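**Student:** sequence unknown, structure follows:
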Ligand code: SF4
């Protein structure tokens, strides 16, 4: 069953959401990895059934944009055939498992994620936006990415399981991690978590077995920046080109709008940003008008124009919802009634310093003309 156009839930391939440019069909690559045949299939399907564009999400998923209603079922069947979507809608809805993209075959992240994926049917019914993060590399890299139950590397070297929003978690062995996630999910439901909606908002005291003082190892270091995708939007055919040029056997999708080819070389590829210096890499902009019906303003062209003239992080949001970034930015523009509100150190929709500015006024104000 589907309900095009409903708001307030995470769309997936079985429950696509209607946007201004057509349906959004979400693909959740297992282990955040796309093989060559899957990339080729995506490029073909996105062009045949949609606009040809893909969006990368902050859960390391891909969204096929501009899908025509009449083609959705055929697209869905092809995605299932290519192992990109689960054939069971219920299983697809539960498959919200974020993995640290640097995992290696057989390591703890891979083994735990595999165990979790095999047992998702045992999870109680959780609010649609809830998910899991398996983040057991040398340090936690997914801390800022959306997840509710986290398995991470502990400061002492072992593993821990932590409810999002809590500073510390409880030590756990890799072999029992899936069991503990299921226990924590059941506790979440039994203790009234549904009303809170997300783990970080659920303040009920944890059960004794889940209380611990283990803290995750955190670092600001992020090696291998990979290939950046401005605003997270890319032509699906560009992924094929990325594989061709790098000779990669597969692509890893990250939750920070970057793609890591499984390759030892990193030559420039059209449409992608290499390195970490490009101002677009510190710029967020949702699709805005006309793609999103909630927006009365164009967003990304303006963001690209302003980005080189702004030090720090820029966020241009089509409306106060702030889909592109939930955290504060140095400069934030929020669309409202065909103009922009300008705020500093703020989230989209926060009280602005200046109201009702046109794109031209902003371009002049930041010296981008
Ligand atoms: S922030 Fe508003 S305008 Fe932008 S994509 Fe989200 S709902 Fe649409």
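**Tutor:** Yep, that arrived. This structure is a prediction, so every number in the text was calculated from the model and none was measured.
**Student:** where does the residue in the stretch 51-200 of the chain positioned nearest to the ligand sit: helix, strand or coil?
**Tutor:** Nearest residue of the stretch 51-200 of the chain to the ligand (C-beta to the nearest ligand atom) works out as residue 55 at 10.0 Å. Yep, even glycine has a C-beta here, placed from its N, CA and C like the rest. Here residue 55 takes the strand state, with states given by DSSP: H, G, I helix; E, B strand; the rest coil.
**Student:** okay, it: pLDDT?
**Tutor:** Residue 55 carries a pLDDT score of 96 in this model.
**Student:** that one against residue 65, yeah?
**Tutor:** Yes: using C-beta atoms under 8 Å, residue 55 is in contact with residue 65, at 6.2 Å.
**Student:** what's the overlap in contacts for those two?
**Tutor:** A shared contact of residue 55 and residue 65, defined by C-beta atoms under 8 Å, 6 or more residues apart in numbering, is any residue touching both; here these are 24, 233.
**Student:** kindly check the end-to-end length of stretch 152-159 for me.
**Tutor:** Criterion C-alpha to C-alpha, to the nearest Å; first-to-last residue distance in stretch 152-159 is 6 Å.
**Student:** buried sites along it?
**Tutor:** Within stretch 152-159, the residues that count as buried by 16 or more other C-beta atoms under 10 Å are 152-154, 159.
**Student:** show me which of those neighbour the ligand.
**Tutor:** On the criterion C-beta under 6 Å from any ligand atom, none of the entries of the buried residues of stretch 152-159 sits beside the ligand.
**Student:** the residues you listed in helices, which ones?
**Tutor:** When helices are assigned by DSSP state H, not one member of the buried residues of stretch 152-159 lies inside them.
**Student:** need the per-residue pLDDT for the most centrally placed residue in the chain.
**Tutor:** Among the residues of the chain, the one closest to the centroid is residue 58, at 1.6 Å (C-alpha atoms, centre = their mean). Among the per-residue scores, residue 58 shows a pLDDT of 90.
**Student:** got a list of what it touches?
**Tutor:** Taking C-beta under 8 Å, 6+ apart as the test, what residue 58 contacts is 145-146, 255-257.
**Student:** what's the helix or strand harbouring residue 243 packed up against?
**Tutor:** For residue 243, the host element (DSSP states H and E) is helix 236-246. Using 3 or more C-beta pairs under 8 Å, 6 or more residues apart in numbering; DSSP states H and E as the contact criterion, the elements in contact with helix 236-246 are helix 36-49, strand 53-56, strand 250-253, strand 258-261.
**Student:** so which of the ones you listed is nearest residue 293?
**Tutor:** Closest to residue 293 of these is strand 53-56 (C-beta to C-beta; 16.1 Å).
**Student:** so what are the sheet partners of that closest one and their directions?
**Tutor:** Strand 53-56 sits in its sheet next to strand 62-67 (antiparallel), strand 233-235 (antiparallel), going by DSSP bridges.
**Student:** which of the ones you listed sits most buried?
**Tutor:** When these are scored by mean count of other C-beta atoms under 10 Å, the highest mean neighbour count falls to strand 62-67 (a mean of 24).
**Student:** C-terminal to that strand, what's the next element?
**Tutor:** Secondary structure here is assigned by DSSP H and E; on that basis, the next helix or strand after strand 62-67 toward the C-terminus is helix 72-81.
**Student:** now the following helix or strand past that next one: buried residues?
**Tutor:** Toward the C-terminus, helix 72-81 is succeeded by helix 89-94 as the next helix or strand (DSSP H and E). Residues of helix 89-94 classed as buried: 89, 92-94 (neighbour count, 16+ other C-beta under 10 Å).
**Student:** again, but for stretch 332-344
**Tutor:** Within stretch 332-344, judged by 16+ other C-beta under 10 Å, the buried ones are 332-336, 339-343.
**Student:** quick one: contacts of it?
**Tutor:** The set of residues external to stretch 332-344 that reach it, using C-beta under 8 Å, 6+ apart, is 288-289, 295-297, 299, 302, 314-320, 322, 330-331, 346-359, 362, 365.
**Student:** would that stretch count as contacting the ligand?
**Tutor:** No: residues of stretch 332-344 are not located near the ligand by C-beta under 6 Å from any ligand atom, the shortest gap being 6.6 Å.
**Student:** which residue, other than its chain neighbours, is closest to the closest residue to the ligand within the chain?
**Tutor:** Residue of the chain nearest the ligand, by C-beta to the nearest ligand atom: residue 318 (2.6 Å). Excluding its sequence neighbours, the residue lying closest to residue 318 (C-beta to C-beta, 6 or more residues apart in numbering) is residue 295, at 2.8 Å.
**Student:** can you give me the pLDDT of that neighbour?
**Tutor:** With respect to pLDDT, residue 295 has a value of 96.
**Student:** what about it, helix or strand, and which?
**Tutor:** Using DSSP H and E, residue 295 is not contained in any helix or strand.
**Student:** as TSV, the helices and strands packed on helix 236-246 with mean neighbour count would be great.
**Tutor:** Rendered in TSV, the data for the helices and strands packed on helix 236-246 read as follows (neighbours: other C-beta atoms under 10 Å):
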stretch	mean neighbour count
helix 36-49	19
strand 53-56	21
strand 250-253	23
strand 258-261	23
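**Student:** show me the contacts for residue 91.
**Tutor:** When contacts are taken as C-beta under 8 Å, 6+ apart, residue 91 is in contact with 120-121.
**Student:** could you do residue 14 as well?
**Tutor:** Residues in contact with residue 14, defined by C-beta under 8 Å, 6+ apart, are 2, 76, 85, 89, 92-93.
**Student:** and the spatially closest residue to residue 104 that is not a sequence neighbour, what does it touch?
**Tutor:** Closest residue to residue 104 apart from its sequence neighbours, by C-beta to C-beta, 6+ apart: residue 110 at 6.9 Å. Taking C-beta under 8 Å, 6+ apart as the criterion, residue 110 is in contact with 31, 99, 103-104.
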